[in-house]
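J.: Sequence and predicted model, in that order:
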Amino acid sequence: MKRTTVFLTESLERDLQVIARRQKRPLASVVREALDGYVNREVRRKGPSLRFAGIGASGRSDTAERHEEMLFRELRPHGEKPLARSRRATKR
């Protein structure tokens, strides 16, 4: 976990403390849960974040070395041919 500082209004802090006492939980836990809920709602509302970028097994062993070529393959100037795929990338 990462420590951070958040400035709260006095009334919000009081409300969070009341909730934490009622639930017999640390204030930090209540704040984390509230922030997690907010972020999850925003992600669902606005679409996925880039957290998914590293998920999945592609079967490739050269992804780290070729990531820029793979990501930007479609962004080449019009008419320019894409880079040739290496032999290593075509082996399975």
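T.: Done, it's in. Residues are numbered from 1 along each chain as shown.
J.: and the helix or strand hosting residue 12, what other elements does it pack with?
T.: Residue 12 belongs to helix 10-23 when elements are defined using DSSP states H and E. Identification of packing neighbours for helix 10-23 by 3 or more CB pairs under 8 Å, 6 or more residues apart in numbering; DSSP states H and E yields helix 27-46. Every C-beta, even on glycine, is put in place using the N, C-alpha and C of the backbone.
J.: Now the helix it packs on: buried residues?
T.: The neighbour-count check on helix 27-46 (16 or more other CB atoms under 10 Å) flags 30-31 as buried.
J.: just the angle between the helix holding residue 12 and helix 27-46, please?
T.: 110 degrees (axes from the mean of the first three to the mean of the last three CA atoms, to 10 degrees).
J.: Can you give the contact residues for helix 10-23?
T.: Here helix 10-23 makes contact (CB atoms under 8 Å, 6 or more residues apart in numbering) with 8, 26-27, 29-31, 34.
J.: mind listing what's buried in that helix?
T.: So for helix 10-23, counting by 16+ other CB under 10 Å, buried means 16, 20.
J.: as a whole number, average confidence for that helix?
T.: Mean pLDDT, computed over helix 10-23, is 96.
J.: now residue 8: how far from residue 26?
T.: 15 Å (CB to CB, to the nearest Å).
J.: got the end-to-end distance for stretch 16-35?
T.: 12 Å (CA to CA, to the nearest Å).
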